[in-house]
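Trainee: Need a 3D model of the sequence below.
(2 chains)
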Amino acid sequence: MAETQQEQDQEIIIVKNLEHAYGDAKAVEGITFSVKKGEIFSFLGPNGAGKSTAINVLITLLALQKGEASVAGFDVTRDPQKVRESIGIVFQDITLDRDMTVWEILEFHGKLYSMPHAERRARIEELLTLVQLEAKRNVRTKHLSGGMKRRLEIARGLMTRPKVLFLDEPTIGLDPQTRMRMWDYIKDVNKTGTTIFLTTHYMDEADQLSDRISIIDHGKIIITGTNWELKNTLGQDLIYLETSNNPFAITSLTGLSFVKNIEQKSKGFLVIINDDGTKVLPVIMDRLRDADITISTVNLKKPSMDDVFIHYTGKEIRDEPVGKASILSLRPGGN
Amino acid sequence: MNRWGRRQYSPSVPGVIRMNYGFLNIYWRDMIRFVRFRTMLISSLLQPALWLAFFGIAMSSSFDQLMAGVPVPPGVHAVGYLTFMAAGIIAMTTLFTSLFGGMIILFDKNWGLMREIMASPMPRDHVIIGIGLSGTTKSFIQALIIMFFGIAIGAGFFVGYNPVQITLSIFGILLFVGVFALGFLFLSAGIAVSMETPEGMQGVMTLMTMPIFFASNALYPIDAFPEALRVISTYNPMTLLINGIRYFAIGPDFLALGEHYMYTSTDILLSFAGLLVFAVIMYAFARWRFNKAVVT
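Mentor: Numbers count the residues shown, from 1 in each chain, chains lettered A, B, ... in the order given. A predicted model of the protein is given here:
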């Protein structure tokens, strides 16, 4: 390979043309991506998109079938043992023993990774403080709340100071307050240098947490970028207008430099612009007023991750043909 | 500087002596559960005692009455039914405990720690060994309790032995119990890691306990069995175990239920060798199942 050592250091997860099938059913159909050292990277996709399959190959729970994958510089097929030593995992479902205490869960994990006694004990104390479970150390996990269980699992994932922490749907089933707390923990962990690989089907989670996001659906990566880049692919801002003469209004706006596209809606139309909407909106209004068109409704909206997600994965319930064209919509009162 | 330093914990750093005692961790964790599940703990200890108390006493009173008229050849040590079947109860309890000892793996697979374990660097056979050791410990505790309880209600174990002989005999019994338990624990672990539901596992186990228990010399002699059944029963690990227990607890030469039992040292060594072979095969089976297992 022509890559320099430094470049290899930069990319802590490298996946090339990864394919995985369960029998005839293809779960992952040739994905290629890389995760940079120190970033929070998200797989955003609907249920059944292939996120968990991909993550299971990376954490060596599923054997790689086709393609290449390396984590922390180790090939998942040739060096699974080294990969395992370099990563921490928080699984999608709670994987705690109900009848072990918080302390025992961490002790067990440390021993599982052959951590020396003194280091293990010290680490447990640090992590209990980090996730604020010191007071619960001797409580059996069945008596913990959902958020506490998740925090404990994150602490467990961090026991061995992993280079990469895998989080598979980390806030599934948690209440909004707890989710935000979890995000803070995840950001804190990331600040200390741990690369984070996250899968989620929550748009806001990917948006809030990630440095970069890959939208994945039907086993394929559809697009990768920062949240801002993804939003920009839809056009920067959206302006919805209802006027006294929609066709004429559309004609008079078409061709303006900042107008990227115009979509007709039932009562009005949607102008997709490639500039800052707050500055462009007065220009549009002046222009329509000059053309003697009366504006009855105006709505300005920045695209949310929801719009991006829906745009790329479709509105349809899974397994139905996905139409992409009619999806961009502006919901009054949306964020 | 951050809160927990940037140093990467890497067990593979050269110079760090890396002996893997992972099985001890599995053992530790399984024993925590054993002690903590009060109902399971108590019922597993109470159940064999109840067998002895009810089945043992009931059967022995009728059998001993039936056998009362049978002449005992001179010089032969005749034992009552309670003494005879107490050895069978030790074996039965070991069988049940061991066959269900792997259940934890199934629970872990569905709701617990198995994914964490499978994704860790610990070799998978440590799970098998750990479960084997904790299950064996449980069986030792049970076997000792049955022995003491059995003697307390009148089973003629270690009659005429001096303390050294008693100690050696108990050691011998535990050796047999241990190897037998390991065999069935490995079998149980191998099945558990291949199954999807506890109900399915329960079904398989129930199906297996029946022939293993009844095609053995636990409750009655097997000499009068039809030929095919007698052969099966002779090589049944359950029978091999009971041979050992009776040899150490009662002696090499005794009369029970009108049958004259004589064990030579060779018989006992062969029985033990049979159990060893059984345990090794079961270990291979469990390893094979674990290496094939995909837990996601």
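Trainee: What are the buried residues along the helix or strand where A:Thr129 lies?
Mentor: If you go by DSSP states H and E, A:Thr129 is part of helix A:117-130. Going by neighbour count (16 or more other C-beta atoms under 10 Å in any protein chain shown), the buried part of helix A:117-130 is A:Arg120, A:Arg123, A:Ile124, A:Leu127, A:Leu128, A:Leu130. Any C-beta I mention is one placed from the backbone N, CA and C, and that applies to glycine too.
Trainee: ok, and what's touching it?
Mentor: Residues external to helix A:117-130 that are found in contact with it (C-beta atoms under 8 Å, 6 or more residues apart in numbering or on different chains): A:102-103, A:106-107, A:110-111, A:115, A:134, A:137, A:155, A:158-159, A:161, A:185, A:188, B:3-4, B:9.
Trainee: Apply 10 Å and report the result again.
Mentor: A:102-107, A:109-111, A:113-116, A:133-137, A:151-152, A:154-161, A:185, A:188-189, A:192, B:3-5, B:7, B:9 (C-beta atoms under 10 Å, 6 or more residues apart in numbering or on different chains).
Trainee: What segments of the stretch 151-296 of chain B are strands?
Mentor: Using DSSP state E, counting those that start in this stretch, the strands found in the stretch 151-296 of chain B span residues B:253-256, B:259-262.
Trainee: Break down the chain into its helices, ranges please.
Mentor: With no chain named, the answer covers chain A. Remark: helices assigned in chain A by DSSP state H are A:5-10, A:51-58, A:80-86, A:102-112, A:117-130, A:146-158, A:176-191, A:203-209, A:227-232, A:246-253, A:277-290, A:305-313.
Trainee: Please refer instead to chain B.
Mentor: Remark: helices assigned in chain B by DSSP H are B:22-36, B:38-50, B:57-67, B:81-99, B:103-111, B:114-118, B:125-152, B:163-194, B:198-214, B:227-235, B:237-249, B:265-292.
Trainee: Could you take those and lay them out as TSV, with extra columns for distance to chain A and mean pLDDT?
Mentor: What follows is those, written out as TSV (distance: least, C-beta to the nearest C-beta, whole Å; pLDDT from 0 to 100):
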stretch	distance to chain A	mean pLDDT
helix B:22-36	4	91
helix B:38-50	10	84
helix B:57-67	36	82
helix B:81-99	19	92
helix B:103-111	8	88
helix B:114-118	5	91
helix B:125-152	9	93
helix B:163-194	14	96
helix B:198-214	15	91
helix B:227-235	38	92
helix B:237-249	31	96
helix B:265-292	11	95
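Trainee: how about these, which one is nearest A:Ser214?
Mentor: Among those, the nearest to A:Ser214 by C-beta to C-beta is helix B:114-118 (23.6 Å).
Trainee: From the opening residue of stretch B:288-296 to its closing one, how far?
Mentor: Taking C-alpha to C-alpha, to the nearest Å, stretch B:288-296 runs 18 Å from one end to the other.
Trainee: re earlier: how about the helices of chain B in JSON lines, adding mean neighbour count and distance to A:Thr224?
Mentor: JSON lines is the format used below for the helices of chain B (neighbours: other C-beta atoms under 10 Å in any protein chain shown; distance: least, C-beta to C-beta, whole Å):
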{"stretch": "helix B:22-36", "mean neighbour count": "19", "distance to A:Thr224": "38"}
{"stretch": "helix B:38-50", "mean neighbour count": "14", "distance to A:Thr224": "51"}
{"stretch": "helix B:57-67", "mean neighbour count": "14", "distance to A:Thr224": "74"}
{"stretch": "helix B:81-99", "mean neighbour count": "26", "distance to A:Thr224": "51"}
{"stretch": "helix B:103-111", "mean neighbour count": "21", "distance to A:Thr224": "34"}
{"stretch": "helix B:114-118", "mean neighbour count": "22", "distance to A:Thr224": "28"}
{"stretch": "helix B:125-152", "mean neighbour count": "21", "distance to A:Thr224": "38"}
{"stretch": "helix B:163-194", "mean neighbour count": "22", "distance to A:Thr224": "37"}
{"stretch": "helix B:198-214", "mean neighbour count": "15", "distance to A:Thr224": "42"}
{"stretch": "helix B:227-235", "mean neighbour count": "13", "distance to A:Thr224": "63"}
{"stretch": "helix B:237-249", "mean neighbour count": "26", "distance to A:Thr224": "58"}
{"stretch": "helix B:265-292", "mean neighbour count": "17", "distance to A:Thr224": "35"}
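Trainee: Quick one: low-confidence residue ranges for the stretch 101-250 of chain A.
Mentor: A:235-236 (pLDDT under 70).
Trainee: Contact residues of it facing chain B?
Mentor: Applying C-beta under 10 Å from any C-beta of the partner chain, one finds that the stretch 101-250 of chain A approaches chain B through A:101, A:104-105, A:107-116, A:119-120, A:122-123, A:126-127, A:129-130, A:140, A:153, A:156-163, A:166, A:188-189, A:191-194.
Trainee: rerun at 8 Å
Mentor: Contact residues, the stretch 101-250 of chain A versus chain B (C-beta under 8 Å from any C-beta of the partner chain): A:104, A:108-109, A:111-116, A:119, A:123, A:126-127, A:130, A:156, A:160-161, A:163, A:191-193.
Trainee: What's the ChimeraX line that selects buried ones from those residues?
Mentor: Per 16+ other C-beta under 10 Å, the buried members of these correspond to this ChimeraX selection:
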select /A:104,108,109,111,112,113,114,115,123,127,130,156,160,161,163,192
